[in-house]
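Enquirer: sequence first, predicted model second:
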Amino acid sequence: MSGLVVDLVGVGKEYPGDPPTRVLDDVHLEIGVGELVAIVGPSGSGKSTLLNIIGTLDRPTEGSVSIAGHDTSLLSDDELSGLRSRAIGFVFQQFFLLSGMTAVDNVADGLLYTGVPLEDRRAAAVHALEQVGLDHRLGHDPSKLSGGERQRVAIARALVGHPSIVLADEPTGNLDSRSSQAIIDLLHELHDEGASILVITHDRDIAAGLPRQVEVLDGRVEADTVARGASR
Amino acid sequence: MTLAVHLDPPAVADLARSALHPGDLLRVASVGLRTRRLRAALSALGIAIGIAIGIAAMVAVLGISESSRNDLLSSLDRLGTNLLTVRGGEGLGLSGDGALPTSAKPMLSRIGPVDGVSSVTLVDADVRRTDLIPSTRTGGLTVQATDAALLATLRGELADGEWLDDARSELPVTVLGAVTAERLGITDVGNGVAVWVGDRWFSVVGVLEPLELAPDLDRTALIGEGIAQAAFDTTENPGTIYLRADPDQIDAVRSVLPATAAPEAPDTVEVARPTDAIEAKAAASDAFTALFLGLGAVALLVGGVGIANVMVISVLERRSEIGLRRALGATRRHVSIQFLAEALLLSALGGVSGVALGAGVTAAYDLARGWAVVVPVAGVVGGVVAALLIGAVAGLYPATRAARLSPTDALRTV
């Protein structure tokens, strides 16, 4: 047991074409259990591709990817779906909440494909919404919530299955500065409670506020700050 | 705030596959219908109308024509399909104008499966309301001599009065066909009504209802054979013989009739089955059913194309939802069955409302025409099944498209 939730070794990604587009090149990245890490870089630097590969939504063209101890190259597409349903939680810039369903049901859908019965999913969803401080918004439709509240619902959905790692893609990109700070504070709280969180952002200020920053430029890791408190 | 985020090292152990409960599938499949209510309602309405019209046409046509067919068949049941008519053709070796030999009637009644034989013979006389009406104005009416068995053999009914029994065969009395009575202005037989037949008065003792199996007799005045022969020198050779045969042996009886009726010239004898015409009418209504079923099938096809169209658009519009579901752990199969199930829900909605509409139209039409209400079970079940089949076929391509969408592409859509 390595104690790593993410272990990338020599990962590269190339999209076919003439000439082929090289998006990632020889990326090495280790993230330990309980870390809060920022991947920072300008748009087009390859950080979204990196997130997709870590989230097992895409496969690398070279190198090995190990998520929560599973070598993804050995897993079929269906097995990767199973891995995502239990080990990985996603938070998106656009929230991707389904309107017409209550906040509880949106969060409960975080467990939809795990085989957990509906009542248990709802109970876990209520608990997760309490965690993010939205216990007064359980029955609300997402369209009736503020941007900050919507992102909290999305974070609750990512957390509801107790995943090995939470991947947050520009989680504050659609929020005003006050709501952004509240979300960052929430991520810190969750980190303090032990969650492993990877935040992707182009915002250097946000990255600077997180314990560890990995800087990506032109598909390469340019800098990786000392992992404070990593590999606990 | 207590957090239940687990602090254990990552579980490398067995990797469980994604799973979706059947009960959840229905919930998920209806998400698209529930979460975009106005748009879903409008597109569902369009589809429902398309399929509803198709099925309504199908059920309505099946139901209506089955009702009218039942009407025809019930009149066949009432009249019996075992009536045969034997007529002399105009040919060599036969006496008179196409008349049959005098032996025909007794010979025919000796055929085993034949029960009930009767005949009519044209009388050389005309029938008029009074002797003051010129003899040229016969109104197309004829006089026929007949026997007591005719009414029972034809299963005819009297509108008024009595039938000619054997006792009245020799008397100057007549029973009028429905058209004859109408033309002569006679509605009932009270007060000793009489008509002028040939050269004398005949009392009207009865008026017939229209004879469905022998409509030509509606235009006659029927008199007894005895008086016909005595007063008008009518031949004893019968003109047309009506007979009833055992329904199971009707074909066998039919084949021996010419030779039995006229052994010397069987090929001049004409044998007919009056109910053939009624059956032909029923067959014609079958042809209409086929035509309208074709129209219904075209409307169903249009409804199916509508479903495919809406589902393709739905897949395009909901790329991010598809991406989200893949990120939440849905497999390609989960995504495809979600969209397939959604197409099936839409088509089932259209199918059920279409069947209800069609059944309503059928029932209303039947009641308006005074027919028995018949909503064909095959049409109802077949309508729903056809709608589901079309929904499945129409949903297949969009569902496959949704499943093929790469999750990263789907999530890139804003």
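Expert: Sure thing, it's come through. Numbering: from 1, shown residues only, chains lettered A, B, ... in the order given.
Enquirer: quick one, what contacts the residue nearest the centre of chain A?
Expert: In chain A, the centroid-proximal residue (CA atoms, centre = their mean) is residue A:167; its distance is 0.7 Å. Taking CB atoms under 8 Å, 6 or more residues apart in numbering or on different chains, we find residue A:167 in contact with A:51, A:54, A:55, A:88, A:89, A:90, A:91, A:158, A:198, A:200. (C-beta placed from N, C-alpha, C; glycine too.)
Enquirer: quick one: residue B:201 is in a helix?
Expert: No: per DSSP: H, G, I helix; E, B strand; the rest coil, residue B:201 lies outside any helix segment and is strand.
Enquirer: am I right that the residue nearest to the centre of chain A is in a strand?
Expert: Yes: judged by three-state DSSP, residue A:167 forms part of a strand.
Enquirer: what distance do you get for it to residue A:43?
Expert: 18 Å (CB to CB, to the nearest Å).
Enquirer: looking at chain A, which residue is nearest chain B?
Expert: Nearest residue of chain A to chain B: residue A:85, at 2.4 Å (CB to the nearest CB).
Enquirer: what helix or strand is that residue located in?
Expert: helix A:77-87 (DSSP states H and E).
Enquirer: re the thing from before, and the residue nearest to the centre of chain A, what are its bridge partners?
Expert: Here residue A:167 sits in beta bridges with residue A:90, residue A:198, going by DSSP bridges.
Enquirer: let's see the pLDDT reported for it.
Expert: On pLDDT, residue A:167 comes in at 96.
Enquirer: then residue A:212?
Expert: Residue A:212 carries a pLDDT value of 95.
Enquirer: where does chain B have low pLDDT?
Expert: The model of chain B has pLDDT under 70 over residues B:1-14, B:35-66, B:89-98, B:413-414.
Enquirer: okay, domains of it per the record?
Expert: B:22-75+B:280-412, B:82-274 (automatic domain parsing).
Enquirer: for residue 175, helix, strand, or coil?
Expert: The chain I'm using is chain A. coil.
Enquirer: ah, no, chain B please
Expert: Quick answer, by three-state DSSP: residue B:175 is strand.
Enquirer: ok, the one residue in the stretch 301-414 of chain B that gets nearest to chain A - contacts?
Expert: Residue of the stretch 301-414 of chain B nearest chain A, by CB to the nearest CB: residue B:329 (2.4 Å). Residues in contact with residue B:329, defined by CB under 8 Å, 6+ apart, are A:81, A:82, A:83, A:84, A:85, A:86, A:112, A:113, A:114, B:18.
Enquirer: what helix or strand is residue B:112 on?
Expert: Residue B:112 belongs to no helix or strand, assigned by DSSP H and E.
Enquirer: can you report how many residues lie near it?
Expert: As a burial measure, residue B:112 scores 10 neighbours (other CB atoms under 10 Å in any protein chain shown).
Enquirer: same check, this time on the one 10 residues further on
Expert: A total of 19 residues lie near residue B:122 under the criterion other CB under 10 Å.
Enquirer: my understanding was that it contacts residue B:239; is that so?
Expert: Yes: with contacts counted by CB atoms under 8 Å, residue B:122 reaches residue B:239, the gap being 5.2 Å.
Enquirer: who touches both of the two?
Expert: Counting by CB under 8 Å, 6+ apart, the contacts common to residue B:122 and residue B:239 are residue B:144.
Enquirer: got the contact list for residue B:16?
Expert: Neighbour list for residue B:16: A:82, A:86, A:114, A:115 [criterion: CB under 8 Å, 6+ apart].
Enquirer: export stretch A:105-121 to PDB, keeping only CA atoms.
Expert: Extracted in PDB, the C-alpha atoms of stretch A:105-121 (Å, rounded to 0.1, in the frame of the first residue of the first chain):
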ATOM      1  CA  ASP A 105     -32.100  14.000  -5.100                       C
ATOM      2  CA  ASN A 106     -29.300  15.700  -7.000                       C
ATOM      3  CA  VAL A 107     -26.900  14.800  -4.200                       C
ATOM      4  CA  ALA A 108     -28.300  11.300  -4.000                       C
ATOM      5  CA  ASP A 109     -27.600  10.800  -7.700                       C
ATOM      6  CA  GLY A 110     -23.900  10.800  -6.700                       C
ATOM      7  CA  LEU A 111     -24.600   7.300  -5.500                       C
ATOM      8  CA  LEU A 112     -27.000   6.400  -8.400                       C
ATOM      9  CA  TYR A 113     -24.700   4.000 -10.100                       C
ATOM     10  CA  THR A 114     -23.300   2.300  -7.000                       C
ATOM     11  CA  GLY A 115     -26.200   0.000  -6.500                       C
ATOM     12  CA  VAL A 116     -27.100   1.600  -3.100                       C
ATOM     13  CA  PRO A 117     -30.900   1.600  -2.600                       C
ATOM     14  CA  LEU A 118     -32.800   4.900  -2.900                       C
ATOM     15  CA  GLU A 119     -33.600   5.400   0.800                       C
ATOM     16  CA  ASP A 120     -30.000   4.900   1.700                       C
ATOM     17  CA  ARG A 121     -28.900   7.300  -1.000                       C
END
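Enquirer: so how far is it from its chain's centroid?
Expert: What separates the centre of stretch A:105-121 from the centre of its chain is 19 Å, taken as CA atoms, centre = their mean, to the nearest Å.
Enquirer: give me the residues contacting it.
Expert: Applying CB under 8 Å, 6+ apart, the external contacts of stretch A:105-121 come out as A:81, A:85-86, A:89, A:97-98, A:101, A:122, A:124-125, A:128-129, A:142, A:153, A:156-161, B:16, B:18-21, B:23-24, B:28, B:325, B:328-331, B:334.
Enquirer: tell me the buried residues in it?
Expert: Within stretch A:105-121, the residues that qualify as buried are A:105-116, A:121, counting by 16 or more other CB atoms under 10 Å in any protein chain shown.
Enquirer: quick revisit: which one of the domains of chain B lies closest to residue A:224?
Expert: Taking CB to CB, domain B:22-75+B:280-412 is the member of the domains of chain B nearest to residue A:224, at 24.4 Å.
Enquirer: that older thread, show me what the helix holding residue A:85 is packed up against.
Expert: If you count contacts as 3 or more CB pairs under 8 Å, 6 or more residues apart in numbering or on different chains; DSSP states H and E, helix A:77-87 packs onto helix B:319-327, helix B:332-369.
Enquirer: and the angle from the first one to helix B:332-369?
Expert: The one in question is helix B:319-327. For helix B:319-327 against helix B:332-369, the angle between stretch directions is 130 degrees (axes from the mean of the first three to the mean of the last three CA atoms, to 10 degrees).
Enquirer: packing partners for helix B:319-327?
Expert: So helix B:319-327, by 3+ CB pairs under 8 Å, 6+ apart, packs with helix A:77-87, strand A:88-91, helix B:332-369, helix B:407-412.
Enquirer: close to chain A, is the last one?
Expert: Yes: Helix B:407-412 comes into contact with chain A when judged by CB under 8 Å from any CB of the partner chain, the residues involved being B:407, B:408, B:411.
Enquirer: can you pull the residues of the stretch 51-200 of chain B lying near chain A?
Expert: So the stretch 51-200 of chain B never meets chain A (CB under 8 Å from any CB).
Enquirer: and the helices in the chain?
Expert: Going with chain A. A:47-54, A:77-87, A:103-108, A:118-131, A:147-159, A:177-192, A:204-208 (DSSP state H).
Enquirer: wait, chain B
Expert: All helices of chain B, identified by DSSP H, fall at B:22-29, B:31-35, B:37-79, B:104-109, B:150-154, B:178-184, B:225-232, B:250-261, B:275-317, B:319-327, B:332-369, B:377-404, B:407-412.
Enquirer: out of these, which comes closest to residue B:197?
Expert: The nearest among the helices of chain B, by CB to CB, is helix B:225-232 at 8.5 Å.
Enquirer: list the helices and strands the closest one packs on?
Expert: strand B:114-123, strand B:142-146.
Enquirer: now the angle from the last one to strand B:114-123?
Expert: Strand B:142-146 and strand B:114-123 are oriented at 140 degrees to each other (the same axes, to 10 degrees).
Enquirer: would you give the sheet partners of strand B:142-146, along with the direction of each?
Expert: In the sheet, strand B:142-146 lines up against strand B:114-123 (antiparallel), strand B:220-224 (parallel) (DSSP bridges).
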